[in-house]
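> Build me a model:
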Amino acid sequence: MGPMGMLHHLICHASDLWKGKTFFALKVALIEATDNWEKLTGGGPPCPVMFNSEDICETMKLDAEERGVDKTLEVCQNMISFRPEGCCPLSIM
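Below you'll find the predicted structure:
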């Protein structure tokens with residue numbers, strides 16, 4: 001993801017209501033921003049946000065696991081024609 005895409009991603013998560021999964025997504029976006037700070041700022045001021053390496057590793061591991069679970073859920077929902085509204089079409093019932 002390029003600098004503008006990363007910045008857009010960060011702004012979207014920062015503007016969401018901060019609870020549960022959205023707060024975790026914001027933390028992942030902040031970690032990604034700190035990792036790419038020089039690309040985002042062109043080497044300007046130092047990054048004002050810091051995470052310790054253990055927290056980064058744990059957060060990114062949980063993010064990867066969550067993405068895997070989300071993908072599995074999406075595949076299962078597609079198999080049964082599950083709609084975003086939480087309904088299944090009558091034709092499969």
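> for the chain, which spans come out with low pLDDT?
In the predicted model of the chain, residues 3-4, 13, 16, 18-22, 83-93 satisfy pLDDT under 70.
> any idea how far E38 lies from C47?
Using CB to CB, to the nearest Å, one gets 9 Å for the distance from E38 to C47. To be clear about C-beta, it is placed using only N, CA and C from the backbone, and glycine gets the same treatment.
> Counting neighbours, go ahead and name the busier of these two.
Between E38 and C47, C47 has the larger neighbour count (other CB atoms under 10 Å), namely 15 against 12.
> And the residue nearest the centre of the chain, which helix or strand is it part of?
Centroid-nearest residue in the chain: A25, 4.0 Å away (criterion: CA atoms, centre = their mean). Secondary structure assignment for A25, by DSSP states H and E: helix 20-35.
> which parts of the helix or strand that comes right after that helix are buried?
Along the chain past helix 20-35, the next helix or strand (assigned with DSSP H and E) turns out to be helix 37-41. Along helix 37-41, the positions that meet the burial threshold by neighbour count (16 or more other CB atoms under 10 Å) are W37, L40.
> got a list of contacts for helix 37-41?
Applying CB atoms under 8 Å, 6 or more residues apart in numbering, the contact partners of helix 37-41 are P3, M6, L7, A33, P46, C47.
> Now do the helices in this structure.
When secondary structure is read from DSSP state H, the chain shows helices at 3-15, 20-35, 37-41, 53-79.
> now for the second one, which elements pack on it?
This points to helix 20-35. Under the contact criterion of 3 or more CB pairs under 8 Å, 6 or more residues apart in numbering; DSSP states H and E, the helices and strands touching helix 20-35 comprise helix 3-15, helix 53-79.
> Most tightly packed of those?
Of all those, helix 3-15 carries the top mean neighbour count, a mean of 13, counting by mean count of other CB atoms under 10 Å.
> what does that helix rub up against?
Here helix 3-15 makes contact (CB under 8 Å, 6+ apart) with M1, T22, A25, L26, A29, L30, E32, A33, N36, K39, L40.
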